[in-house]
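Colleague: No sequence on hand, only this structure:
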């Protein structure tokens, strides 16, 4: 599922999925958990990468990250 609003886009990523995101260096990316916990989250190609972390609903730990190049990858 994808939601679009002008220059912003929200995409639902489910467990055992990988998504490659194309953009520009400095683009802002956020991961927002929609369930109580999301485990084994990996986020690469960003200023603050995540390696097998657990994110909790309501956490702002994964908000407003920045792309370091033309691609970022999210694996859950």
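Modeller: Okay, I see it. As the structure is a prediction and not an experimental result, all values here were calculated from the model.
Colleague: And residue 5, what's its pLDDT?
Modeller: Looking at residue 5, its pLDDT reads 68.
Colleague: Equivalent analysis for the one 5 residues further on, please.
Modeller: pLDDT recorded at residue 10 is 80.
Colleague: quick one, phi psi at it?
Modeller: Torsion angles at residue 10 (phi, psi; degrees, to the nearest 10) stand at phi -120, psi 130.
Colleague: Count the residues that sit near it.
Modeller: 11 (other C-beta atoms under 10 Å). Any C-beta I mention is one placed from the backbone N, CA and C, and that applies to glycine too.
Colleague: Residues in a beta bridge with it, which ones?
Modeller: Beta bridges link residue 10 to residue 3, judged by DSSP bridges.
Colleague: Relative to residue 34, how far out is it?
Modeller: The gap separating residue 10 from residue 34 is 10 Å, by C-beta to C-beta, to the nearest Å.
Colleague: Lowest-scoring secondary structure element of the protein by mean pLDDT?
Modeller: strand 2-5 (a mean of 64; mean pLDDT, DSSP states H and E).
Colleague: Isn't residue 70 up against residue 22?
Modeller: Yes. Residue 70 is within contact range of residue 22, at 6.5 Å (criterion: C-beta atoms under 8 Å).
Colleague: Between the two, tell me which one has more neighbours.
Modeller: Shown here are residue 70 and residue 22; by other C-beta under 10 Å, residue 70 has more neighbours (12 against 9).
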